[in-house]
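1. Let me see the structure of the following:
(chains A, B, C and D)
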Amino acid sequence: MSLDAKSIQGETFVVNMGPQHPATHGVLRIKLTLDGECIMNAEPVIGYSHRMQEKMAENRTYSQYFPNTGRIDYAGAMIYNFGYACAVERLAGISVPERAEYIRVITSELSRIASHLLWFGPFIIDLGGLTPLLYAFDDREIILDLLESISGARLTYSYFRFGGVYNDIDDDFIAGCRTFIPRMRERLILFRRLVTDNIIFRKRVEGIGIIGPELCRKYGATGPVLRGSGIDYDVRKNEPYSIYPLFEFDIPVFKECDSLARYHVRMEEMNQSLRIIEQALDKLPSGPVMAEKVPRNLKPPKGECYFNVEGARGSFGIRIISDGTEIPYRLKLRTPCFANLSLFEEASRGMLLADSLALLGSLDLCVPDVDR
Amino acid sequence: MEQQTSHPYAIIRFALLDKVLALGRANSLWPMTFGLACCALEMMAAGASRFDISRFGSEVFRPSPRQADLMIVAGTINKKMAPAILTLYDQIPEPKWVIAYGNCAISGGPFIFPGQYSVVEGADKLFPVDVYIPGCPPRPEALLEGIMKLEEKITGHRRWPIVEAG
Amino acid sequence: MIPIQIDYIMDLFYVGAFFLGGLALAVVPILISHLIAPTKTRNYVHKTGQAIECGMDPIGDAWIRFGVVYYLYALIFIGFSVDVLYLLPVAIVYNEQSGYRDLAEVFIFIGILFLVLLYAWRKGVFIWNSKLPTHTP
Amino acid sequence: MDFVQDLREAFTGRFGDKLRIEAADFSKCGCHLDITASGTDIEAAASVVDGLGFTLEAISGVDWPAEEAMELVYDFNKMAEGGRIAIRVRVSREKPELPSISKIFGGANWHEREAHDMFGFVFSGHPDLTPLLLPENATFHPLRKDFSA
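-> Next comes the predicted model:
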């Protein structure tokens, strides 16, 4: 007879895992209805960092909106620049020179690794391990230096322009990348020894936070959350954009649907991003980095288009409706964290409180990405 | 809402004791983990290995307001979040200080445009701010400089050398 | 008869001094911090005394009947904290006769108490079962 | 692109020619099929699409004050085989009511609450249509063209 607490029913207790909480990585509030340790219902309350990104689009010209794209998901901001630039280029029919495409892919993959490192640190802190953050942030600083040397910003880039990038990469950026790749590979092995094979970490994440493929489909979860539930969907492979088809890299997919599977997907994705950067550096052509005649005050033709890129946290889609003027009529941001978080209420029902934190951490949320 | 900038006085005050207390407080400013948006990442980077805020005594980021004495407002203050920030400010025991870290905390930053409906234009609209650190996001070194500036405000003199730029 | 009373008063004096010393050790820091700390806290929504709940107002009351599992943990803790009480006299008279005898006694005493832990383990107090069926894929 | 064919059959089988279905050039506008439905049969369309294994990507509201209408664009995406369709629904601007599809797609719950927040759509049958991104007592709809702070 295990002392199953079901036989001894206590009253429920409502507690706020509120806006200011170390485990919510930003201002996300979760109203927990608890029965002892077990969650009866965990309702995320969002909107505490709503910054009107879509409303701002309606009084900014197309090129004035670039700084905003760097501030939606500031962890992997380069990829959001990529999405916005490609969406407007598809709408306005601008072609991008070869070298600019390679630079875009290199900087986006670097930004993806920086974002996964940024997820890795606080995720292990949520489970109680404090030191991996210092390792991960050490490597992340190297990437930030590289990206800052060419784009000027550490976190919130507006490096892309319609028709290319505004600043060519120089030799010490390439040399920096060349030395960074082998170092990062060893560090990933060190992380595997430091964290992945650690029995305490295994006990906290193995079989915890099950998100099945059916739940992902119902809620529209994408990115590592989806690939951790066995569905092989990555926008770079399924709806290839820019020059991703030229590189051969594979998409890590794990079938266990638990937090450990999502952890493995992200760690393996760092390896794949390193492979992409390596190939892109090898095949980097010379030539201009900006298309010639791109009007300074871009007025795309009347029409509507939807563009989708693979952000660090999932597929980031932009729907732009233009009415011919230089200000977009409507700009819809389909952010991955919004969908990934919406399944938390159903996925965490019945879990223990500490396990729901492992689930929340493995969803890799960036709250301004949820609130927009 | 009256804006007292200095903190209320104690029952017993000795000149030397105040100097000692100020030195102690200035060199162990425990910030509250309170990241709102992008500036939170730069605050974490300041706490991490390269910029290492613990050299200035603020390594311990206390999640609970009761144990913190420095509130770093790092990020955009939202109108839905403002009551929560005021509650947290109240719950920090005296003596407490506030650093407005980043343009959003100083004046609403890039999210101020005609017809904006959800951003509070600056932390000083809610409570008195001691140190303003501009930047979007400001570099972690700027946070360290901000903490040195706060120490100068608390103790009255600057212990660290001022490094001229360039 | 007088020497007995002096010894008696001296002992009483020692006990009193020891008691006052203990009391002072507890009360004086509180007094000092009350004197030199700032008197009131600047507050704008007057929530200084409110229970901390991540910036929000607490919902509902904390005085509720919760599961008995916690009570069992408290029982085991009290069991072991009481046994420390009995170890104190052993520590005082330790090593007067042969030390090993005292060591053996302490181990027997703690061993018997350890059976509490084994019993609780066997009865499944340490297994945290979730009450609701968790979400299956 | 065989799925475009069997999707057409599924839709015409279910709706006859009530829905206007046109193929759209993916490289130009980012979706393979562009379907215009009316407010009432959005639920039936969603269940057809759910049956075929699509997932709901986003619900974006658009305010057309010139035509006195408000539009909702439902983006569906079939993850495994790839393939993206957009279902457009237009409702009047004064009474923007349409049934909710949060029973079919759980993710639609939040998307619809956000559309209600920003534009004022009223989704009948929605479990809890309270403000999601705006403060709890917010009654204004900021993304409408005639919104002034």
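
2. Across the sheet, point out what pairs with residue D:90.
-> Bridge pairing for residue D:90 (DSSP bridges) gives the partners residue D:71.

3. can you pull the contacts of it?
-> By Cβ atoms under 8 Å, 6 or more residues apart in numbering or on different chains, the contact list for residue D:90 reads D:36, D:38, D:39, D:69, D:70, D:71, D:72. The C-beta positions use only the backbone N, C-alpha and C, and glycine is treated the same way.

4. now do residue B:61
-> The contact partners of residue B:61, taken as Cβ under 8 Å, 6+ apart, are B:30, B:31, B:32, B:33, B:47.

5. rerun at 6 Å
-> B:31, B:33 (Cβ atoms under 6 Å, 6 or more residues apart in numbering or on different chains).

6. Same check on residue C:56?
-> Neighbouring residues of residue C:56 by Cβ under 6 Å, 6+ apart: A:16, A:18.

7. Next, work out how far apart it and residue C:64 are.
-> Distance of residue C:56 to residue C:64, given as Cβ to Cβ, to the nearest Å: 18 Å.

8. Which helix in chain B has the most residues?
-> helix B:140-155 (DSSP state H).

9. Ranking helices and strands of chain B by mean pLDDT, which lands last?
-> One helix or strand of chain B scores below all others by mean pLDDT, DSSP states H and E: helix B:15-26, with a mean of 89.

10. Could you point out the helix or strand that follows that one?
-> Next in sequence after helix B:15-26, counting helices and strands by DSSP states H and E, comes helix B:38-47.

11. Correct me if wrong, but residue A:332 is in a helix.
-> No. Checked against DSSP: H, G, I helix; E, B strand; the rest coil, residue A:332 lies outside a helix; its state is strand.

12. Tally up the residues packed near the residue in chain B that chain A sits nearest to, please.
-> Closest approach between chain B and chain A, counting by Cβ to the nearest Cβ: residue B:48, at 3.5 Å. A count of nearby residues for residue B:48, using other Cβ atoms under 10 Å in any protein chain shown, gives 20.

13. just the one 3 residues further on next, same as before
-> Neighbours of residue B:51 under the rule other Cβ under 10 Å: 19.

14. Next, give phi and psi for it.
-> Main-chain dihedrals, residue B:51, degrees, to the nearest 10: phi -90, psi -20.

15. Please name the nearest non-neighbouring residue to it.
-> In this structure, residue B:51 finds its nearest non-sequential neighbour in residue B:140, 3.9 Å apart by Cβ to Cβ, 6 or more residues apart in numbering or on different chains.

16. Please apply the same query to residue A:257.
-> residue A:229 (4.5 Å).

17. how would you label that neighbour: helix, strand or coil?
-> Relying on three-state DSSP, one would call residue A:229 coil.

18. and it, what does it touch?
-> A:211, A:213, A:216, A:257.

19. Same question for residue A:234.
-> A:251, A:310.

20. where does it land on pLDDT?
-> If you check residue A:234, the pLDDT there is 92.

21. And the one 3 residues further on, by the same measure?
-> With respect to pLDDT, residue A:237 has a value of 90.
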